[in-house]
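**Q** predicted model, plus sequence, below.
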Amino acid sequence: MLAKLEEIKERYDEVIRELSDPATFQDQKRSTELSRERKQLEPIMDIHKEYRSLLEKIEDDESVLHGKDEELKELVKDELDELREKREKMEESIKFLLIPRTPMTIRIPSWRSAPAPAETKPQCSRTISTACTYVLWNG
């Protein structure tokens, strides 16, 4: 999973480099595409930073377990269990964010063709952005 996040980070860095190039803005279509892509990748980059930080904390705590200080080991064991649980939850969120976005997964279905009961109608028919999806998933 970390390898996939690193690939996405490389693409994000490339998009940022291209957007910082003044020549990119001469082609309005290209600059718009890059801006949209950056907007889609930003939530993934945010969680990537958190995930890497969490993995580093877990690694540090595991190295303390191999030390000689018994009191510190007991403290670290409790924290390590919490960090591992947090890692599992974060990995589930990452899996959701890494689902490829297609027009069918991005748009809310339209109920214009046949009326449906009020409780099944969506509240809006706007496009859901990746950031919005992330908030709904974790919220």
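**A** Structure received. Keep in mind the model is a prediction, meaning the values are calculated, not measured. Numbers count the residues shown, from 1 in each chain.
**Q** quick one: the helix or strand hosting Lys39 to chain centroid distance?
**A** In this assignment (DSSP states H and E), Lys39 forms part of helix 28-65. With C-alpha atoms, centre = their mean, to the nearest Å as the basis, helix 28-65 stands 7 Å off its chain's centre.
**Q** what's the answer for stretch 63-71, then?
**A** The answer for stretch 63-71 is 34 Å, by C-alpha atoms, centre = their mean.
**Q** compute the first-to-last residue distance for that stretch.
**A** One end of stretch 63-71 to the other measures 14 Å (C-alpha to C-alpha, to the nearest Å).
**Q** what sits up against that stretch?
**A** Leu72, Lys73, Val76, Lys77, Leu80 (C-beta atoms under 8 Å, 6 or more residues apart in numbering). Every C-beta, even on glycine, is put in place using the N, C-alpha and C of the backbone.
**Q** skipping its backbone neighbours, what lies nearest the first one in space?
**A** Residue nearest to Leu72 in three dimensions, not counting chain neighbours: Val64, with 5.9 Å by C-beta to C-beta, 6 or more residues apart in numbering.
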